[in-house]
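Participant: here are the coordinates; sequence isn't available:
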C-alpha cells in the first residue's frame, strides 16, 4: 500500500469480492478473476471525445468477426488448384447461408481496412504516439501491414479469374526486388509460373502465419495500451484555472490508474476528467462495433461476395483489377515504367513511406500534441493522405475508361 | 463529305462576337460560382475552429462576412447563369444546346435540383445567421450541407463540361456520361481550385480592406500583447482584446483575413500541378487533337503563360509569407525567402518554351526516342518535356515547404499581427489578380482547344450538328 | 549455466531450422519439370497476323495437377520467320492480347503496348514479350509444320 490511492483501490476491490456469491467466490479463489475483471473494467479513460476512441475496439471486433467468418469458410474450402473454385462454388450456391458467409468475410475485410485506417488517422491527429507510447504506434503499424497482407492473400485463395490474376501480379512484384527478386518469386510460386504450390503456400500464410503474427502483435498492442492508459487527445489535458501547475499537480495526485506513467511530460501525464471504462466507454465501443457488424451483415447479405468464372490462364479478354485498397499502389505501377524505376517506385518509395509511417514517433519527437502546432508533420501527412485518395480515384477513373 | 445545304452559322453577328459573349458571360459566372463554393468550405472550417475554441472573434467575423457576401453575389451570379442559359445558349447556340440537352439531360436535371437546394440553403442561412448565433452547431451543419450540395452541383455541371471534351463515344448511358474519362480528374481539379480561388478572394479583400482601414495609421504602432496566456494558436476572444482603438482592430482583422486567404491559396495550389497533370493525361488519351493543340499546337504559348501564372502564384504567395515573417521577426524568415527565390527560379525554368517541334514522330526523327537516362527525351511520367516535369515536381514540394514553414512560424506565435505594413498588401492584391487571370486563361484554353468541335468528334461549331444535318447520335460515324 | 542454456537452445534452433528452412526454400533448388507440348499445325496462319493458339502445359513443381492452358501467339513474318510469343506482359505478367484496331499488343492492366514483333513500345513494360522456347518440326507425311513449345520462356520476365 504505497499511497492513499492504492489503499482506496484495494478496499474497493475487497468490497467487490465480498459481495460475490459463493459459486463465484469459489471460482475467484482459484483464478483471481475478480481482481482481473475489476482492473480491466474499472480503469480510467479520458472523458471527452469517447466516440473517437471507439475505433480501436471496433478494429478488434472486426478482426474477431473475420476469424469467426473465416472458420466457416474453412469448413468447405479446399486449397487445391482443382478443387478451390468448385468447393467455393458449392458453398456459394448450394450451402444454406453460404453466400452470406462469404459476403460477411469480404465486407468484414473491407470494413476492417477502412476502420483501421480511420483508427490510425485518429491516433495520428491526437498525437497518441508520443513518449511513452511509441511502441504502441509501432505495433499498430505492423498490425496495419499484417491486415493488408491478410487481405491480399485472402483474395488469392478462391482461384477464380480475379484471384488467379491477383496471384500472378502480386507474386510478380517480388521479382523486381534487387538481386534476390527472382528467387523470392520462385519461392512463393513454386516454379516460374503460378501453380499448385503457390496456392497451398498462400493458404498457409493466410490462415496460420499472418493470423499468428496478428494475434501476437494485438496482444502486445493491448498490453501497452493498458500499461500507459488511453491517451485521448490534447483536449483532455487543457487547464482551466489560473494556476496550471497547481491544477496539473492535483490531477496527478488524484487520478485513477493507470495514469500517471513515470517520466512523462507533466502536462500530459493525467487527463483532466476521467470516466470508468465500464460502463461508459464500453457502451460507446459496443454501440459502434455492433453498428459496424450489423452493416457488414446487411452488406454481406445484400451484395455478397463475387465469384468470377474459374481461373483461366489463357484468357485474352479478362482485365485484372486490384481491390480498391490496392488501387493507390497500382497507380504507382502505372506511373513507374522501366526496370530500374519499377524497383525504385515500388520498393524504394513505398518502402520508405512504410518505414516513415512505422517510425513516425521517432521522427516527431517533440512533446507538442496539438496538430496545429506541428505543421511540419501534419502538412506532409495530409499530403500523403491526399495522394493515396487521389491515386485511388485515378485508378477508378482509369478502370472505367479502359 | 458533301456540303450540307441546311448548314447555318450561328445566328446574328460573327462567330467571334458570339464566342466572345459566351466567353464573358461564362467566365463571370464561373468566377462567382467558384467563389461561392470555395468560400462555403472556408466558412465552415472557420466556424468549426470557432466552435472548437469555444468562440473565436476573428473566425466568427469571417464566417459571418462570408455568409453575408453571398446574398448579392449569389443573386447576381445566378442571374448571369440563367441569362447565359436562356438567352445566350438557347438563343445563339440553340441547335447545339438542344442536342446537348438530349444527350446529357440527366446531368442537367440533377444539377438543377442541386441548384434549388442551394437557393433554399443560402437564403435560409443568410436570413437566420444572427438568429442562430447561439446554435453554432446548427450553423456548422447547414454550412456543411450547403457545401455538399454545392459539390454535387459542380459535379453535375462537370459531367457536361467534361463530356463535351471527352465523350465516351459508343453507348453513352447515364453512368457512362457521369464517368466519362475526364470527369473525375476535372471534378477533383475544380473542387480544389474552388477553395483556392475563394482563398485568393479573401486575400485580395483582406489586403484591400486593410489598405482602406489603415489610411493614416502607423503600421507597427501597437505592440503585440505580451503576457496574455495564449490558449490556442491564433485564438482571440472578445474579452481578451486589449484596449486598442477600433481602427487598429480593423486593420488587424483584415491583416489576418489576408494571410488566412493566402494560406488557402498556396496550400491548395500545391496540389494542382499533380491533379492538373492527370486531367491533361485523360485529355491526351481521349481527345488527342485538343491535347495536341494545347501542348504543341496553336495554344501551346498560352499554356506556357498559364504555367508561368501557376509559378507566380507560388512565388508571390511565398514572398508575402516571407515579408510577413520578416516584419514580425520570425526566426526562420530567411528560409522562407530562400523558398521564394527557388520558386521564382523554378517558374522561369517551367516557362521555357519548347525548343523544337514536339510530336512523337519528331522525337523519333531526331533520334531521341530513348529514355532520358540514355540521352533521349522519353521519361516515365508520360514522355513529357523533361524540364517541365521536374519543374512541376519542384513546385509541389517547394509549395509544401513554403506553407509548412509559414505555419510553423505562425503556430509558434512568432507572427505579430498588423506588422506587415501597407506596401506588402500589394502582394496579396497581385495574388488575387493572378489567380483570377489563371482561371480566365484556363477557360480560354479549354474552349479553344476543343475547336472546331463543341462535343469532341461529334458536334462542330460551324454547323452545330453533324454534317448530315442529323442530331448527333453518339456512336454514329458521320463526321 | 547461462552459457550452457544458450548453447543448448541455439543448438535446438539450428537443428530445427535445417529441415524447416530446407523445406521452405526447396522451390529454389528443385528443378522445374520440363516438357515439350504440341501446340498444333501453323501452316494456315496468315502472315503478319498474330494468331492465338493454346497449349496445355503441366505443372513444373509439386504433385500432378491438370494441365493449364497457355496462349501462344504465332506471328509469321514476311521473311519466313515465325515467332511463338507468349502473351505474358513483361510488366506485371497480366494477359496481353492483340488489338486489331490499334495493330498492337495491349495489356489491359496498365496500358502496356507492344508492336507486332513483341517489342515494348508504350506504357510501363520494361522488356519485349518473350517467346516460348519452341521448335517447329516438319511432318513429311502430312506436309504440316507442327509447333511445339516447352513450358519455359526464352527470356526471364
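Facilitator: Thanks, I have the structure now. Remember, it's a predicted structure, so these values are computed and weren't measured experimentally.
Participant: Now for chain C, the helix or strand with the poorest mean pLDDT.
Facilitator: When each helix and strand of chain C is scored by mean pLDDT, DSSP states H and E, strand C:120-122 comes last, with a mean of 82.
Participant: For chain A, tell me whether the next helix-or-strand element following it is touching it.
Facilitator: Toward the C-terminus, strand C:120-122 is succeeded by strand C:132-139 as the next helix or strand (DSSP states H and E). No - Strand C:132-139 stays clear of chain A (C-beta under 8 Å from any C-beta of the partner chain), getting no nearer than 11.7 Å. (Glycine included, C-beta is placed from N, CA and C.)
Participant: Show me which residues of chain A are close to chain C?
Facilitator: Residues of chain A found near chain C (C-beta under 8 Å from any C-beta) are A:80-82, A:165, A:168-169, A:172-173, A:182-183, A:186-187, A:189-193, A:195-197, A:312-320, A:330, A:333-334, A:336-339, A:342, A:402.
Participant: Show only the entries of these found in helices.
Facilitator: Using DSSP state H, the subset of the residues of chain A next to chain C located in helices is A:165, A:168-169, A:172-173, A:182-183, A:186-187, A:189, A:196-197, A:330, A:333-334, A:339, A:342.
Participant: Just the buried ones out of those, please.
Facilitator: Among these, those scoring as buried are A:165, A:168-169, A:172-173, A:186-187, A:189, A:196-197, A:330, A:333-334, A:342 (criterion: 16 or more other C-beta atoms under 10 Å in any protein chain shown).
Participant: Quick check: the farthest pair among the residues you listed?
Facilitator: Across these, no pair lies farther apart than A:196 and A:334, at 31.2 Å, counting by C-beta to C-beta.
Participant: Find me the pLDDT at residue B:328, would you?
Facilitator: On the pLDDT scale, residue B:328 is placed at 85.
Participant: how many other residues sit next to it?
Facilitator: Residue B:328 has 20 neighbours, counted by other C-beta atoms under 10 Å in any protein chain shown.
Participant: which ones are touching it?
Facilitator: Residues near residue B:328 by C-beta atoms under 8 Å, 6 or more residues apart in numbering or on different chains: B:409, B:414-416, B:419-420.
Participant: Please tell me how far it sits from residue B:415.
Facilitator: Computed with C-beta to C-beta, to the nearest Å, the distance linking residue B:328 and residue B:415 is 5 Å.
Participant: shared neighbours, these two?
Facilitator: Common neighbours of residue B:328 and residue B:415 (C-beta under 8 Å, 6+ apart) are residue B:409.
Participant: related to what we said a few turns ago, neighbour-wise, which of the contacts of residue B:328 leads?
Facilitator: Within those, residue B:420 tops the neighbour count with 27 neighbours, counted by other C-beta under 10 Å.
Participant: Confirm that that residue sits in a helix.
Facilitator: No - counting by DSSP: H, G, I helix; E, B strand; the rest coil, residue B:420 falls outside a helix, being coil.
Participant: Which pLDDT value belongs to it?
Facilitator: We have a pLDDT of 73 for residue B:420.
Participant: Please report how far the residue sitting nearest the centre point of chain B lies from chain A.
Facilitator: For chain B, the residue nearest the mean C-alpha position is residue B:193 (2.9 Å; C-alpha atoms, centre = their mean). Applying C-beta to the nearest C-beta, to the nearest Å, the value for residue B:193 to chain A is 14 Å.
Participant: quick one: secondary structure of that residue?
Facilitator: Taking three-state DSSP, the label given to residue B:193 is helix.
Participant: Is it in contact with residue B:276, as I believe?
Facilitator: No - with contacts defined as C-beta atoms under 8 Å, residue B:193 does not count as touching residue B:276, sitting 9.2 Å away.
Participant: Look through chain C and state the residue closest to chain B.
Facilitator: Per C-beta to the nearest C-beta, residue C:124 is where chain C lies closest to chain B, at 8.0 Å.
Participant: pLDDT-wise, which helix or strand of chain A ranks last?
Facilitator: The least trusted helix or strand in chain A, going by mean pLDDT, DSSP H and E, turns out to be helix A:339-343, with a mean of 70.
Participant: So the residue of chain A most remote from its centre: helix, strand or coil?
Facilitator: Residue farthest from the centre of chain A, counting by C-alpha atoms, centre = their mean, is residue A:242 at 41.3 Å. What three-state DSSP gives for residue A:242 is coil.
Participant: How about residues contacting the longest helix along chain C?
Facilitator: Using DSSP H, we find that the single longest helix of chain C is helix C:2-24. The contact list for helix C:2-24 (C-beta under 8 Å, 6+ apart) reads residue A:187.
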